[in-house]
Every structure is written in structure tokens, then in C-alpha cells.
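J.: Here's my sequence, what's the structure:
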Amino acid sequence: MPEVTLEALAARMEAVEQKLASMSGVVPPTRDWRSVVGISQDNDFTRAVLAEIEANSEAERLAATDQ
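T.: Numbering: from 1, shown residues only. Purely as a prediction, here's the structure:
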């Protein structure tokens, strides 16, 4: 692997910025983010995450009322 220098990083960054600029508007979004917010699969992992979130929220609520 070649040595990384500031000049090399600057050149790579410039190339990335040029590529991104050329891609602007090329691929239109297929779905609006608002159409998928709140949608999740009903599986064990999702249920575990939601249970953890609910437990955290309850602990924070209790901690706030104990003060």
C-alpha cells in the first residue's frame, strides 16, 4: 500500500467530489422516506429492540419523576 500523504488524500478527495458533482440528479429516489418511516418487520429482533426502547423510556421516566 502506498504511503498516504496529504497531497494524495487531497487528490482523492477532489476526485470524489468531482464524481459526486457529476452524479447529481442522475438517480432519482425511488421512494420517499415518508412512505417507509415507522414500518418494520415483525420478527424477534424487532420485538427485542422495541422492548429495549420501551424499557429505556420507562427507566428515564422513573428517574425523572424521582428527582
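J.: in which helix or strand would I find residue 56?
T.: helix 44-65 (DSSP states H and E).
J.: Just give me how far the helix or strand of the chain with the lowest mean pLDDT sits from the chain centre.
T.: Sorting the helices and strands of the chain by mean pLDDT, DSSP states H and E puts helix 6-23 at the bottom, at a mean of 89. Helix 6-23 sits 23 Å away from the centroid of its parent chain (C-alpha atoms, centre = their mean, to the nearest Å).
J.: do the same with stretch 46-53
T.: 18 Å.
J.: Can you pull out the low-pLDDT segments for the protein?
T.: Counting by pLDDT under 70, the chain contains low-confidence residues at 1-2, 25-40, 67.
J.: again, 90 this time
T.: 1-4, 18-47, 49-50, 65-67 (pLDDT under 90).
J.: Report how many residues lie close to residue 65.
T.: 7 (other C-beta atoms under 10 Å). In this view, the C-beta of every residue, glycine as well, is placed from N, C-alpha and C.
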